[in-house]
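Undergrad: Provided below for reference: sequence and predicted model.
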2 protein chains.
Amino acid sequence: MKQNIYDNNTFFEKYKELRARKNNYNNLLEQPNFFTLIPTVKNKVILDIGCGMGDFAAYCISQGAKHVTGIDISSNMIANAKKRHNYEGLTFEQAAFEDLTILDGTIDFVSSSLAFHYIADFQLLVKKISMALCEEGILLFSLEHPIVTANKGNESWITNEEGNLLHFAVDNYQNEGLRTQNWIVDNVIMYHRTMSTILNTLIENGLQIEKVIEPIPTKEAVSNLPSLHKEIRRPSFLIIRAKKVKN
Amino acid sequence: MKQNIYDNNTFFEKYKELRARKNNYNNLLEQPNFFTLIPTVKNKVILDIGCGMGDFAAYCISQGAKHVTGIDISSNMIANAKKRHNYEGLTFEQAAFEDLTILDGTIDFVSSSLAFHYIADFQLLVKKISMALCEEGILLFSLEHPIVTANKGNESWITNEEGNLLHFAVDNYQNEGLRTQNWIVDNVIMYHRTMSTILNTLIENGLQIEKVIEPIPTKEAVSNLPSLHKEIRRPSFLIIRAKKVKN
């Protein structure tokens, strides 16, 4: 199923508001950790899956990338990306990863920030990425952590009668697949996969795990966005860097 | 800290009773999955860390291993192991892994079943294992899953007033280190480490991740030990196989 929630205009407008805030989970937690694992991009050919409004793709161009293709299933996102960023060597396409045709081992670096949990067929996704990557090419992606996606759609933070947080609720971990949640709008679809499925799928497709991050916020980040203190209690995100070793 | 709970005689006697039952978590869940990842042992030199009563070490000898060293910190365990298994090529030693002196890259296969969560210094443990392994040598180990160790010592399965299970409680995930639990006797010490710490420590010590298992019980296992149905809701164990690639 190709979900395209970002072309729901109510969702998209509210999402833009959320991202426009300086102090959000992306800017304070996910992106700083994601950036620590970016390989050299100078003179490299890059594919960004779920490119959104194109800021990361444009950043890679600013750092000397030879060519960056940003794909996103949402026409809203691609329209915004094209409006915001117009540089030589930068291409944005409205496409689902399933439609990817660059499968000839010419990509040096595939990046994806917080998009893979929207994709139903993780096996096919990773297979296509592996085909797209050159030998020694890098895949860097972030997604919602399996601890969080397992029981998505149900009550997650459990509080006592006084409203104090007691713990985070995990359930249904081994039942992979579709979850619905109410995030910005009702019934946003996402997919839960276990940690072992995520790692083994990479390995079976010739991608060697290089580094795994479960982001911890800095003290400064927590002072800017106090709800981040909960990240010590359970991780929201998972970031993995892997290297293509063989087909 | 070198904990030696298995030399607490009350603990040890009760532990033996537990293990003597055919239907336990080791026999029905951990061991069947562990065994799927064992490399060829014929003519191989093997080190089993936390060998307990020596059954796995003896199994390797029965499969044609050249030499197996089983180490365990508990004199109770080593005494039992020596009593149960007396074969050529099989050596049992009472030793903590910290005392390991086989660090010359001569080991083909290091195994360890449900022992690493008792070891305080995981970084040193993995460093020594990596030094002990030959190139292409295999490390296979199981331990309690980080989802379970995170909040160890506190209430884990949350029930409603009728006693029905609601969910599993995760908390304190990013605070690694000592946990105490009441298992068989009070105040058994173990150590929590995050998934990322476990994986990155292997990788940083030249051990390439080959396979990760979060065991799911078979229907037959659940019918023999009904409490195993909870394993669908959250995994008890984590099993990892890794290959030595370089120092």
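TA: Yes, it's here. Numbering: from 1, shown residues only, chains lettered A, B, ... in the order given.
Undergrad: what packs against the longest strand seen in chain A?
TA: Taking DSSP state E as the criterion, chain A has its longest strand at strand A:133-144. For strand A:133-144, the elements it packs on are helix A:31-35, strand A:107-113, strand A:207-213, strand A:237-244, judged by 3 or more CB pairs under 8 Å, 6 or more residues apart in numbering or on different chains; DSSP states H and E. C-beta here means a position set from N, CA and C on the backbone, and glycine is covered the same way.
Undergrad: using CSV, write out every CA atom in the second one.
TA: Output in CSV follows, covering the C-alpha atoms of strand A:107-113 (Å, rounded to 0.1, in the frame of the first residue of the first chain):
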residue,chain,number,x,y,z
ILE,A,107,24.5,5.5,-6.2
ASP,A,108,27.2,6.3,-3.7
PHE,A,109,24.9,7.2,-0.8
VAL,A,110,21.2,6.5,-0.1
SER,A,111,19.7,8.5,2.7
SER,A,112,16.3,8.5,4.3
SER,A,113,15.1,10.4,7.3
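Undergrad: give me the sheet partners of it and which way each runs.
TA: In the sheet, strand A:107-113 lines up against strand A:45-49 (parallel), strand A:133-144 (parallel) (DSSP bridges).
Undergrad: so which of these comes closest to A:Asn80?
TA: strand A:45-49 (14.3 Å; CB to CB).
Undergrad: what about the one helix or strand in chain A whose mean pLDDT sits lowest, distance to the chain center?
TA: Taking mean pLDDT, DSSP states H and E as the measure, helix A:9-20 is the helix or strand of chain A with the lowest mean score, a mean of 81. Relative to the centre of its chain, helix A:9-20 is centred 17 Å away, using CA atoms, centre = their mean, to the nearest Å.
Undergrad: what does stretch A:120-137 give?
TA: 15 Å.
Undergrad: which of the residues in it are classified as buried?
TA: Judged by neighbour count using 16 or more other CB atoms under 10 Å in any protein chain shown, the buried positions of stretch A:120-137 are A:122, A:125-133, A:137.
Undergrad: up against chain B, what does chain A have?
TA: A:147, A:150-151, A:154, A:158, A:166-175, A:194-196, A:199-200, A:203, A:208-214, A:216, A:231-235 (CB under 8 Å from any CB of the partner chain).
Undergrad: narrow these to those that are buried.
TA: Buried among the residues of chain A next to chain B (16+ other CB under 10 Å): A:147, A:150-151, A:158, A:167-174, A:194-196, A:199-200, A:203, A:208-214, A:216, A:231, A:233-235.
Undergrad: among those residues, which lie within strands?
TA: A:158, A:167-170, A:208-213.
Undergrad: just send those back as JSON lines, with pLDDT too.
TA: Converted to JSON lines, these look like this (pLDDT from 0 to 100):
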{"residue": "A:Ile158", "pLDDT": "95"}
{"residue": "A:His167", "pLDDT": "97"}
{"residue": "A:Phe168", "pLDDT": "97"}
{"residue": "A:Ala169", "pLDDT": "97"}
{"residue": "A:Val170", "pLDDT": "98"}
{"residue": "A:Gln208", "pLDDT": "98"}
{"residue": "A:Ile209", "pLDDT": "98"}
{"residue": "A:Glu210", "pLDDT": "98"}
{"residue": "A:Lys211", "pLDDT": "98"}
{"residue": "A:Val212", "pLDDT": "98"}
{"residue": "A:Ile213", "pLDDT": "98"}
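Undergrad: and the residues you listed, which is closest to A:Leu103?
TA: A:Gln208 (19.8 Å).
Undergrad: from the buried residues of stretch A:120-137, which ones fall inside strands?
TA: The members of the buried residues of stretch A:120-137 that map onto strands under DSSP E are A:133, A:137.
Undergrad: of the buried residues of stretch A:120-137, closest to A:Asp186?
TA: A:Phe122 (24.7 Å).
Undergrad: does that closest one touch A:Thr201 like I think?
TA: Yes: if you go by CB atoms under 8 Å, A:Phe122 and A:Thr201 touch, sitting 5.8 Å apart.
Undergrad: give me the most central residue, chain A.
TA: By CA atoms, centre = their mean, chain A has its centre lying nearest to A:Leu114, at 1.8 Å.
Undergrad: re the thing from before, what does the least confident helix or strand of chain A contact?
TA: Contact partners of helix A:9-20, identified using CB atoms under 8 Å, 6 or more residues apart in numbering or on different chains, comprise A:5-6, A:24, A:26, A:53, A:74, A:76-77, A:184-185, A:188.
Undergrad: so A:Lys246 makes contact with A:Gly206?
TA: Yes: A:Lys246 lies in contact with A:Gly206 (CB under 8 Å); the separation is 4.6 Å.
Undergrad: which one's more surrounded, the two?
TA: A count of neighbours by other CB atoms under 10 Å in any protein chain shown puts A:Gly206 above the other of A:Lys246 and A:Gly206, at 18 against 9.
Undergrad: what's the spacing between that one and B:Glu210?
TA: A:Gly206 is 12 Å from B:Glu210, where distance means CB to CB, to the nearest Å.
Undergrad: A:Ile189 too?
TA: 33 Å.
Undergrad: again with A:Lys152
TA: A:Lys152 is 30 Å from B:Glu210, by CB to CB.
Undergrad: now swap in A:Ser74 and tell me
TA: 37 Å.
Undergrad: still on that earlier bit, how about the strands paired with strand A:107-113 in TSV, adding mean pLDDT?
TA: Below are the strands paired with strand A:107-113 laid out as TSV (pLDDT from 0 to 100):
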stretch	mean pLDDT
strand A:45-49	98
strand A:133-144	98
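Undergrad: to B:Phe34, which of these lies closest?
TA: That would be strand A:133-144 among those, by CB to CB, at 28.3 Å.
Undergrad: that closest one vs strand A:207-213, what angle?
TA: Here the directions of strand A:133-144 and strand A:207-213 differ by 30 degrees (axes from the mean of the first three to the mean of the last three CA atoms, to 10 degrees).
Undergrad: got the contact list for strand A:133-144?
TA: Contacts of strand A:133-144 (CB under 8 Å, 6+ apart): A:30, A:33-34, A:37-39, A:49, A:105-117, A:129, A:152, A:190, A:198, A:202, A:207, A:210, A:236-246.
Undergrad: what's near enough to touch the residue nearest to A:Trp157 when sequence neighbours are not counted?
TA: Residue nearest to A:Trp157 in three dimensions, not counting chain neighbours: A:Leu165, with 5.6 Å by CB to CB, 6 or more residues apart in numbering or on different chains. Listed by CB under 8 Å, 6+ apart, the contact partners of A:Leu165 are A:157-159, A:230, A:233.
Undergrad: quick check: of those, which lies closest to chain B?
TA: A:Arg233 (5.1 Å; CB to the nearest CB).
Undergrad: and stretch A:69-83, which residues are buried?
TA: Quick answer for stretch A:69-83 (16+ other CB under 10 Å): A:69-74, A:76-78, A:80-82.
Undergrad: in a helix, that's where A:Val222 is, yeah?
TA: Yes: per DSSP: H, G, I helix; E, B strand; the rest coil, A:Val222 lies within a helix segment.
Undergrad: could you measure from it over to A:Ile138?
TA: 30 Å.
Undergrad: higher neighbour count, the two?
TA: Each of A:Val222 and A:Ile138 has its neighbours counted (other CB under 10 Å); A:Ile138 has more, 24 against 18.
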